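>>> The sequence and its predicted three-dimensional model are supplied below.
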Amino acid sequence: MTNAFKVAAGLIVAVVGTLLLSTAVVFVDETEHVIVERLGRIAAVYDRPESRGLHWKWPWPIGTVRRFDRRIQLFDPPAREIFTRDRKNITVDAYVCWQIPDGPPTEVPIDARPVVRFFRSVGLPEVAHTRMDSRLRSVLATEFGRIELSDLLTVHDPEAGPDPQQPSVLESLTRQVREQLRRRPDEADAFTDRLGIAVVDVQIKRINFPLGNQAAVFERMRSERRKIADRYRSAGMAENAKIRSLADRQYEEIIANATADSERIRGEAEAEALALLNDAHAKDPTFYRFLRTLDAYRRIFNDRTTIVLSASSELMKLLTDGVPQVSTPAKTPDTPPKTTAHPLQPPSPAPSTAAADRIGPQPTASTPATTRAAPRRPDSDGSRRRPPGNSRGAE
């Protein structure tokens, strides 16, 4: 019995010693802050990155350990209803990211360390969430009460790109909420310093509108979209007018150049035509007058118009006197020139004295050219009258 008792006592002592030794060792993880208490008073604080690892303390129950998460915590309260300055109610859903910051690198009193403040003022993350919830509701009500509902309904044009010089109303509002949650201007010390926490970020997830405000919201959105559409439409009309003006100017330039070229070409053609007519008139004036007379006949008698003219009219001489004779000069001085009538002139007897006087002497080389008489005018009874001074042998 004595040996068994000794063995049992030894085992109990070993177990108790192991348990006491295990409670005397403190392992500080990199994701937490640790406060070591000795008989209810804070004996050590491990809240720096370099204090991670193994530490010693008095065994339990003399020394106790309290651990706090140093990672970023998310506080996501339910959406709450808030009134704007124009008394429009909206529901705002926001969240807060917070954490217990590291202690200062220098030696400071234990009560000034953030984790100690958190332990003494809050103690638990749930209590911290309750304190932040009331604070966040108050800040949101204050900031949203300064703006109107129309300020929140500003439609941003995505094609215009972001404008860093002019942040949106929601961005400005979020920044104000973040600053007011940390510290208000009328507070002596910051809210986060009193709680021993640091607000990492505050964001507004969504803003919803109750059913009573949906009509006003949708009308505001339609109005903003109409403004954007009108701006695009105005820009398109301006570009259309610019393109049309450019096209009209090019059209006028092309027409003006084409008109100038056509006038120049027409003038050159008319000048060339006049030159040809003058050259033809200079070479054979009689034949030229003959062609011009035929052209006048074609124009006058084309539509069977009845014209009454005097027998002595110049226009009637071709009909009364016949086709004038046209002669060509001899090719060589040794060969007598051959006088030929115009191809349109039929054979006729020798011309009368009046016709000969009008035509004038014909050009000859060494011998006078033989001429044909103009056709005799028929009398009223159908017989031909011989021109005076001409005999039968002359024909």
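Arrived safely.
>>> Would you agree residue 125 is in contact with residue 71?
No - judged on CB atoms under 8 Å, residue 125 makes no contact with residue 71 at a distance of 11.1 Å. The C-beta positions use only the backbone N, C-alpha and C, and glycine is treated the same way.
>>> between those two, who's got more neighbours?
Neighbours were counted for residue 125 and for residue 71 using other CB atoms under 10 Å; residue 125 has more, 16 against 9.
>>> Contact partners for the more buried one?
69, 73 (CB atoms under 8 Å, 6 or more residues apart in numbering).
>>> how close does residue 181 sit to residue 81?
Look at residue 181 and residue 81: by CB to CB, to the nearest Å, they are 19 Å apart.
>>> Going along the chain, name the strands of the protein.
Using DSSP state E, the strands of the chain run over residues 25-28, 32-38, 41-46, 53-56, 63-69, 73-75, 80-83, 89-99, 198-208.
>>> looking at these, which has the lowest confidence?
Lowest mean pLDDT of those: strand 53-56, a mean of 74.
>>> Any stretches of the stretch 101-250 of the chain with poor pLDDT?
Applying pLDDT under 70 to the stretch 101-250 of the chain flags the ranges 153-167, 185-188, 212-213.
>>> do that again at 50, thanks
Within the stretch 101-250 of the chain, not a single segment meets pLDDT under 50.
>>> And the stretch 251-395 of the chain, by the same measure?
Using pLDDT under 50, the stretch 251-395 of the chain drops low at 329-395.
>>> same thing but at 70, please
Within the stretch 251-395 of the chain, the stretches with pLDDT under 70 are 303-305, 322-395.
>>> Would you tell me which one of the strands of the chain is buried the most?
strand 32-38 (a mean of 19; mean count of other CB atoms under 10 Å).
>>> CA-only coordinates of that strand in PDB, if you can.
Included here for strand 32-38 are C-alpha records, laid out as PDB according to Å, rounded to 0.1, in the frame of the first residue of the first chain:
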ATOM      1  CA  GLU A  32      -4.200  38.900 -31.400                       C
ATOM      2  CA  HIS A  33      -3.400  41.200 -28.500                       C
ATOM      3  CA  VAL A  34      -2.800  39.700 -25.100                       C
ATOM      4  CA  ILE A  35      -3.300  41.300 -21.600                       C
ATOM      5  CA  VAL A  36      -1.800  39.400 -18.600                       C
ATOM      6  CA  GLU A  37      -3.400  40.000 -15.200                       C
ATOM      7  CA  ARG A  38      -1.900  39.100 -11.900                       C
END
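>>> Could you export the strands of the chain to a markdown table, including columns for distance to residue 129?
Below are the strands of the chain laid out as a markdown table (distance: least, CB to CB, whole Å):
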| stretch | distance to residue 129 |
| --- | --- |
| strand 25-28 | 25 |
| strand 32-38 | 18 |
| strand 41-46 | 23 |
| strand 53-56 | 30 |
| strand 63-69 | 13 |
| strand 73-75 | 5 |
| strand 80-83 | 14 |
| strand 89-99 | 9 |
| strand 198-208 | 13 |
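>>> So residue 198 is in contact with residue 100, correct?
Yes - applying CB under 8 Å as the test, residue 198 and residue 100 come out as touching, 7.5 Å apart.
>>> list the residues that contact both of the two?
Counting by CB under 8 Å, 6+ apart, the residues touching both residue 198 and residue 100 are residue 114.
>>> So what's the residue count around residue 85?
Using other CB under 10 Å, residue 85 has 12 other residues around it.
>>> Ramachandran coordinates for it?
phi -70, psi -30 (degrees, to the nearest 10).
>>> and the gap between it and residue 151?
Residue 85 is 9 Å from residue 151, by CB to CB.
>>> next one: residue 275
86 Å.
>>> more crowded one of the two?
residue 151 (17 against 10).
>>> just the helices in the chain please.
2-23, 114-121, 125-144, 149-152, 169-182, 191-195, 214-283, 285-300, 317-321, 353-359 (DSSP state H).
>>> Make JSON lines from those helices and add distance to residue 308 to it.
Converted to JSON lines, those look like this (distance: least, CB to CB, whole Å):
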{"stretch": "helix 2-23", "distance to residue 308": "151"}
{"stretch": "helix 114-121", "distance to residue 308": "132"}
{"stretch": "helix 125-144", "distance to residue 308": "108"}
{"stretch": "helix 149-152", "distance to residue 308": "96"}
{"stretch": "helix 169-182", "distance to residue 308": "100"}
{"stretch": "helix 191-195", "distance to residue 308": "125"}
{"stretch": "helix 214-283", "distance to residue 308": "30"}
{"stretch": "helix 285-300", "distance to residue 308": "12"}
{"stretch": "helix 317-321", "distance to residue 308": "14"}
{"stretch": "helix 353-359", "distance to residue 308": "23"}
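>>> Verify the stated contact: residue 206 with residue 93.
Yes - if you go by CB under 8 Å, residue 206 and residue 93 touch, sitting 4.9 Å apart.
>>> what do these two both touch?
Shared contacts of residue 206 and residue 93 (CB under 8 Å, 6+ apart): residue 79.
>>> domain ranges for the chain?
2-69, 73-160+167-208, 284-326 (automatic domain parsing).
>>> Quick one: end-to-end distance for the longest one.
If I follow you right, that is domain 73-160+167-208. 25 Å (CA to CA, to the nearest Å).
>>> Give me the distance between that domain and the centre of its chain.
A distance of 42 Å separates the centroid of the chain from that of domain 73-160+167-208, by CA atoms, centre = their mean, to the nearest Å.
>>> swap in stretch 256-272?
44 Å.
>>> going forward, begin numbering at 97 instead of 1
Okay, using 97 as the starting number, the last item reads as stretch 352-368.
>>> Provide a list of residues in contact with the nearest residue to residue 160 once chain neighbours are set aside.
Closest residue to residue 160 apart from its sequence neighbours, by CB to CB, 6 or more residues apart in numbering: residue 133 at 4.7 Å. Residues in contact with residue 133 (CB under 8 Å, 6+ apart) are 139, 159-162.
>>> Kind regards, and thank you for your time.
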